[in-house]
Structures are given as C-alpha cells and as structure tokens.
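> Coordinates for the following, if possible.
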Amino acid sequence: MPKLIKNAAITEDGYQVIEDKAIVDAAALPEGDIIVHIDVWNTIKDSTDRQVGVWLDSDTPPHDLAETCNSLPVIAINFPAFTDGRGYSYAHTLRMQYGYTGELRAIGDVLLDQLTYMNRVGFSSYAMREDQNLDVALKHLHDFTTPYQASIDKPEPLFRQR
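Okay, the predicted model is just below:
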C-alpha cells in the first residue's frame with residue numbers, strides 16, 4: 001500500500017485514486033475507499049450512498065463542490081505540473097469560502113519544496129511524486145517558522161502579531 005504525508009505524519013494511503021473519467025455507473029467502481037474525478041462524482045452521486053472522495057484537476061474550479069464539499073471525506077487537488085499553481089487557490093477557496101473541514105489532499109506532481117506553501121493554504125495530506133523521499137519531505141512542511149503573510153494556518157499577518 002502506498003504511503004503519504006497526512007496531518008504531519010507518514011501514513012498508509014487508504015484511498016485508491018480512480019483515474020478513469022468515463023465511469024457512468026457507481027457499480028463499476030471498485031470496493032474500498034476511492035477518490036474519483038469530479039465528472040464521475042457528478043454522474044454517480046445521486047445513485048450511491050457510499051462515501052467517495054473527489055479530485056479536481058487544476059482547470060476545474062471547486063465551485064461545483066460548494067454545496068456538498070462538507071459531505072465528502074476527502075477532496076484531492078491534482079497538480080499536473082510543478083509550475084501549475086491554481087491548486088493553491090482552489091485549496092484556499094475550499095477552506096475559506098466553502099468552509100471545508102475534511103481532508104484536503106495534494107496529488108500529482110507534488111514536490112517537497114511546495115509543502116510549506118500547500119500547508120499554509122489548507123492542505124492536510126500530500127501524495128508525493130514517487131521520486132520524493134517522504135522522510136525528507138516531512139521536514140519541509142514547516143520550512144518557514146515565521147511567515148509574514150496571513151493565510152489559513154496563521155490568519156493574522158506578522159506585523160499585527162504583537
């Protein structure tokens with residue numbers, strides 16, 4: 001079973017990401033804990049009572065999940081490339097605008113030098129790219145002990161902290 005970083009610890013990944021975006025029937029999904037693309041979720045959500053996680057591509061804003069996000073056990077945001085930063089905004093939107101409190105997972109091209117920034121905008125778990133060392137990556141969750149800017153983890157900017 002693959003491992004990931006979740007809540008600042010290395011743990012077993014209990015979810016299987018289903019990459020097939022053409023599934024139209026909930027019965028076609030494998031057993032166990034799964035994460036499906038939002039297009040699959042939109043197709044099957046009314047025909048299943050099963051707890052299923054949802055993943056978003058970087059070109060799919062989270063507004064379709066605004067009303068139902070807190071019923072999802074996990075929302076994963078796919079980073080297709082290191083240079084695509086839209087997932088940071090999506091994470092912030094899910095936490096701040098939609099009030100999502102569940103597991104927010106970064107998947108795809110996730111590198112250790114991104115973890116501090118992902119953590120600051122609300123990600124709680126990270127499925128690292130295969131060539132990344134999880135023990136080393138864990139140390140990068142808090143590269144900066146005193147950030148200047150306000151964010152999810154520290155809502156007050158440094159200049160107001162006295």
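> So which residue is dead centre in the chain?
The residue lying closest to the centre of the chain (CA atoms, centre = their mean) is residue 105, at 2.2 Å.
> Quick check: that one is in a helix.
No - Residue 105: not assigned to a helix; according to DSSP: H, G, I helix; E, B strand; the rest coil it is strand.
> Regarding this structure, what is its longest helix?
Across the chain, the helix with the greatest residue count (assigned by DSSP state H) is helix 86-96.
> For it, name the packing helices and strands.
strand 74-79, strand 103-108, helix 115-120 (3 or more CB pairs under 8 Å, 6 or more residues apart in numbering; DSSP states H and E). Any C-beta I mention is one placed from the backbone N, CA and C, and that applies to glycine too.
> Looking at these, spot the one closest to residue 160.
The stretch from the helices and strands packed on helix 86-96 with the least distance to residue 160 (CB to CB) is helix 115-120; that distance is 16.6 Å.
> who does the closest one touch, helix- and strand-wise?
Using 3+ CB pairs under 8 Å, 6+ apart: helix 115-120 touches helix 86-96.
> Can you mark which positions in the helix it packs on are buried?
Using 16 or more other CB atoms under 10 Å as the test for burial, helix 86-96 gives 86, 87, 88, 90, 91, 92, 93, 94, 95.
> right, and the fifth one touches residue 123 too?
When you say that, I think you mean residue 91. Yes - in terms of CB atoms under 8 Å, residue 91 counts as a neighbour of residue 123; the distance is 5.6 Å.
> For those two, list the residues in contact with both.
77, 104, 106 (CB atoms under 8 Å, 6 or more residues apart in numbering).
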